[in-house]
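> Okay, structure incoming, though there's no sequence with it:
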């Protein structure tokens, strides 16, 4: 095992703190400081020289974190956030799984399997727990086909791009650039009997004459000019991140991997019991270099920006992109051919059907790997129906493959 890094635990006294302390010890962490961030002096955190900081988040802790930005914003320090209420309730199988993921982060490896498990062996249900969709479909072969389909989804137009009229009065129309080729004179009709091709010299001569006439007419077609001045292409769609219980940590990991200059807006729909979306903005701002803000009615969604979207807001497509509206429609209103939908821990299984309908029309749709979810109902349902899943870092790679920064 690699040498463990120096860890500081920031948590208020209570059940969450005790469980996180035990998890750190079980994961092999080198705990150099445990402190309540509401009373800890910033210099004390700096003096501890942590390589990893584990934070048990609640409302009071969130308000206290700004004073520790010198450490928490240091790219050399790995910051792991955990929801205090979840940490206090986590037990049994969920607790063991979280310890494995914590150990992987502390020791910088990707092995999160239970002890004794061969990474290549079939996944079996844990005794006493119902099988997850991933476990029930572990031997299915559709994953290969799903990944192949996803790889070419971006190449398939959501709507027919080219409509061809009858050859006489030929007209080719592009529905994006409003370009057309027009020939007013009827073209000759050409009939070829495949069952009984003509060998008569006269017939052959007429065929060649008609073909030459058709080529002459096509060569005389004129292109109708598109508007001379066109500004930079505006993104029509966005990346929609759906999450709920257990989701904030996955959202942070996802946002942390998206680079500056990303060409699409990122909309985060995170279900919160307390509804403090302003605090969620602060949390996510610490995890990413992208600008994070609370979505407001009438605001246009800009590329390279992260928007925390409360549940009573939606979006509408305009000529200049997406605008936030007072309607609750969010997922259904996304332009499928230029969007992505990511289903993370705690997202609503009821959204899977709409997400898959978007996928059929060109959207990138993927879920968080159930192994890393606190609530894997929606990602599991997506996988069971042929969808793909991965860790947050894998999802970022899919986004950057679709829209290179």
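Perfect, I can see it now. Since the model is a prediction, treat every value here as computed from it, not as a measurement.

> Assumed residue 9 was part of a helix.
No. Looking at residue 9 with DSSP: H, G, I helix; E, B strand; the rest coil, it is strand, so not inside a helix.

> from what I can see it touches residue 20, true?
Yes. Residue 9 is in contact with residue 20 according to CB atoms under 8 Å; the separation is 5.9 Å. The C-beta positions use only the backbone N, C-alpha and C, and glycine is treated the same way.

> Between these two, which has more neighbouring residues?
residue 20 (27 against 23; other CB atoms under 10 Å).

> what's the helix or strand for that one?
Here residue 20 is covered by helix 15-26, with elements defined by DSSP states H and E.

> contacting residues around that helix?
For helix 15-26, contacts defined as CB atoms under 8 Å, 6 or more residues apart in numbering pick out 7, 9, 11, 31, 34, 54, 56, 58, 82, 84-85, 87-88, 90, 95, 98-99, 102-103, 106.

> Could you list the low-pLDDT ranges of this protein?
1-3, 110-209, 211-235, 273-275 (pLDDT under 70).

> all helices for it, in order.
15-26, 42-48, 59-64, 69-72, 84-89, 92-107, 133-136, 142-153, 201-219, 247-257, 277-285, 352-360, 377-384, 392-402 (DSSP state H).

> Mind putting these into TSV with distance to residue 330?
TSV is the format used below for these (distance: least, CB to CB, whole Å):
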stretch	distance to residue 330
helix 15-26	31
helix 42-48	38
helix 59-64	25
helix 69-72	30
helix 84-89	25
helix 92-107	29
helix 133-136	24
helix 142-153	21
helix 201-219	47
helix 247-257	15
helix 277-285	14
helix 352-360	10
helix 377-384	15
helix 392-402	18
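
> how's this structure carved up into domains?
The chain resolves into domains spanning 6-115, 162-223, 235-402 when parsed by automatic domain parsing.

> Grab the nearest non-local neighbour of residue 9.
residue 34 (4.5 Å; CB to CB, 6 or more residues apart in numbering).

> And that neighbour, how far from residue 44?
12 Å (CB to CB, to the nearest Å).

> Between those two, point out the one with more neighbours.
Per other CB under 10 Å, whichever of residue 34 and residue 44 has more neighbours is residue 34, with 17 against 13.

> from memory that one sits against residue 7, does it?
No. Taking contacts as CB under 8 Å, residue 34 lies outside contact range of residue 7: 9.3 Å.

> most tightly surrounded among the domains of the chain?
When the domains of the chain are scored by mean count of other CB atoms under 10 Å, the highest mean neighbour count falls to domain 235-402 (a mean of 20).

> list the contacts for residue 282?
62, 65.

> how far away is it from residue 294?
Distance of residue 282 to residue 294, computed by CB to CB: 10 Å.

> quick one, what contacts residue 368?
With contact taken as CB under 8 Å, 6+ apart, residue 368 is in contact with 250, 342-345, 376, 379, 389-392, 395.

> typed the wrong thing, it's residue 357
Counting by CB under 8 Å, 6+ apart, residue 357 has contacts residue 336.

> Next one: it from residue 363, what distance?
Distance of residue 357 to residue 363, given as CB to CB: 9 Å.

> Spit out the residues that contact the two alike.
residue 336.

> Strands of the stretch 201-350 of the chain, start to end?
All strands of the stretch 201-350 of the chain, identified by DSSP state E, counting those that start in this stretch, fall at 222-223, 239-243, 266-270, 291-294, 305-308, 314-318, 321-325, 340-343.

> To residue 333, which of the ones you listed lies closest?
Closest to residue 333 of those, according to CB to CB: strand 314-318, at 5.0 Å.

> Residue 60 is in contact with residue 36, isn't it?
No. Between residue 60 and residue 36 there is no contact under CB under 8 Å: 9.2 Å.

> okay, and the common contacts of the two?
residue 12.

> Next up, the contacts around residue 399.
239, 258, 262, 340, 364.

> was I right about residue 237 contacting residue 335?
Yes. In this structure, residue 237 is within contact of residue 335 by CB under 8 Å, at 4.5 Å.

> which neighbours do these two share?
Common neighbours of residue 237 and residue 335, using CB under 8 Å, 6+ apart, are residue 322.

> I'd like to check which residues are in contact with residue 260.
By CB under 8 Å, 6+ apart, residue 260 lies in contact with 289-290, 304, 405.

> rerun at 6 Å
Listed by CB atoms under 6 Å, 6 or more residues apart in numbering, the contact partners of residue 260 are residue 289.

> Over to it: give its phi and psi.
phi -60, psi 150 (degrees, to the nearest 10).

> Would you mind measuring from it to residue 291?
10 Å.
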